[in-house]
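S.K.: Sharing a sequence plus its predicted fold:
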Amino acid sequence: MRYAQLTRYGADAPFELRERRAREAGPFEVVVKVHAAGLNPADARGREGMGREGDPPPLGFDVSGVVTAVGAATTKFRPGDDVYGCAGGIGEADGSFSEEMTADERLLAHKPKSLSFREAAAMPLAVITAWEALVERAQITPGELVLVHGGTGGVGHFGVQLARATGAIVHATVSSAEKAELTRDLGAAEAINYRELEVADYVAKYTGGRGYDIVFDTVGGRNLEKSFAALATNGRVATTRPGDGLDLSVMGAKNATLHTVLMLIPLITGRDRERHGALLEKVARMVDDGRIRPLLDPHRFTLDQLGEALSFLDAGKPVGKLAVDIA
């Protein structure tokens, strides 16, 4: 089988297509014939090295495909099952930028029946992140007023839909009229062009000056200061990108809380992995019920164009998510 191997670290580092035999499944693992691999900012950071030394490991977190073999103790899947998950790209694990990968069954779920493999591959890391931020950390409840920064982003567009699915009232920031229309189509009651309105202006206009119960900040860094400013008293901020040197005094003045989310912890530590698989089973049912869907960028790439795809992603060009066609 073919796989893409990074030859060195760097923002423009090339990949080589190499051949190897698929690794046999361990007792609680499955072998997956990969149909598509989702792309995430974490893949671009992995390409750059993130401080690593030595030979680059296999890359690729998100996968969708068909189970071809199962380990001796596997009970969750059978050969022929369509699956998806965030199951590789960490440590010694196989990456999804490969025609086959062997993965921990706990990290996988049955693919939504209504989605193509390419659409399904675009979901796992991003939708798990949005779920952990809004449902588990911020503990969103029906009727709350929620602001999502980056309403058409890879994580943000799932945040809009999950918040709407819980019965919250969702507003989202965008950078253009076209993205505003997309965001409303995903369920946002208001789409706010942050290039046209300052925080104080849209808080006054859309919340009567009260602020938002929850702000989900997928931008992070200095943008968190805008999130703090937009927050209501006793509100909650959840972010995927905490910044350094931020003034948190406004959070204290509002009796607010700040939550950070790194959904890769189960992959890194090996603990609590079954939670991700169970969550993706729940998400698959929501997808098939028409409650959420991936916003897939129309640009298409194949395995031998992986370097171009990651550069396109790193430049911030996609609207929604990118996926690479493998099979």
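M.R.: Cool, the structure landed.
S.K.: only C-alpha atoms for contact and neighbour calcs from this point on.
M.R.: Fine.
S.K.: Confirm residue 167 sits in a helix?
M.R.: No: counting by DSSP: H, G, I helix; E, B strand; the rest coil, residue 167 is located in no helix; its state is coil.
S.K.: Report pLDDT for the closest residue to it other than its chain neighbours.
M.R.: Once flanking residues are discounted, residue 167 sits nearest to residue 142: 4.3 Å by C-alpha to C-alpha, 6 or more residues apart in numbering. Listed pLDDT for residue 142 reads 98.
S.K.: Spit out the contact partners of residue 142.
M.R.: 166-168 (C-alpha atoms under 8 Å, 6 or more residues apart in numbering).
S.K.: Quickly name whichever of those is closest to residue 195.
M.R.: residue 168 (25.0 Å; C-alpha to C-alpha).
S.K.: Could you export the contacts of residue 142 to a markdown table, including columns for neighbour count?
M.R.: Listed next are the contacts of residue 142 as a markdown table, based on neighbours: other C-alpha atoms under 10 Å:
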| residue | neighbour count |
| --- | --- |
| 166 | 15 |
| 167 | 14 |
| 168 | 21 |
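S.K.: Just give me the closest of those residues to residue 180.
M.R.: Nearest to residue 180, judged by C-alpha to C-alpha, of the contacts of residue 142 is residue 168 at 18.5 Å.
S.K.: what's the spacing between the closest one and residue 188?
M.R.: Residue 168 sits 10 Å away from residue 188, going by C-alpha to C-alpha, to the nearest Å.
S.K.: What residues sit buried inside stretch 36-55?
M.R.: 36-40, 42-49 (16 or more other C-alpha atoms under 10 Å).
S.K.: Out of those, list just those in helices.
M.R.: Members of these lying in helices (criterion: DSSP state H): 42-48.
S.K.: Dump those residues to a markdown table, plus pLDDT and distance to residue 256.
M.R.: Below are these laid out as a markdown table (pLDDT from 0 to 100; distance: C-alpha to C-alpha, whole Å):
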| residue | pLDDT | distance to residue 256 |
| --- | --- | --- |
| 42 | 91 | 29 |
| 43 | 92 | 32 |
| 44 | 91 | 33 |
| 45 | 89 | 31 |
| 46 | 89 | 33 |
| 47 | 92 | 36 |
| 48 | 89 | 35 |
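S.K.: which one among these gets closest to residue 68?
M.R.: For those, the nearest to residue 68 is residue 43 (25.5 Å; C-alpha to C-alpha).
S.K.: what's the closest non-adjacent residue to the closest one?
M.R.: residue 60 is the one closest to residue 43 (C-alpha to C-alpha, 6+ apart), at 6.3 Å.
S.K.: Next: residue 186.
M.R.: Among residues not flanking residue 186 along the chain, residue 161 sits closest, at 6.1 Å (C-alpha to C-alpha, 6+ apart).
S.K.: Can you give me the neighbour number for residue 194?
M.R.: 16 (other C-alpha atoms under 10 Å).
S.K.: So it is in contact with residue 172, correct?
M.R.: No: the criterion here is C-alpha atoms under 8 Å, and residue 194 misses it with residue 172 at 9.5 Å.
S.K.: And what about the residue minimising distance to the centre of the chain, helix, strand or coil?
M.R.: Residue closest to the average C-alpha location in the chain (C-alpha atoms, centre = their mean): residue 126, at 1.3 Å. The three-state label given to residue 126 by three-state DSSP is helix.
S.K.: Identify the residue spatially nearest to it, adjacent ones excluded.
M.R.: Closest to residue 126 by C-alpha to C-alpha, 6+ apart is residue 155, at 4.7 Å.
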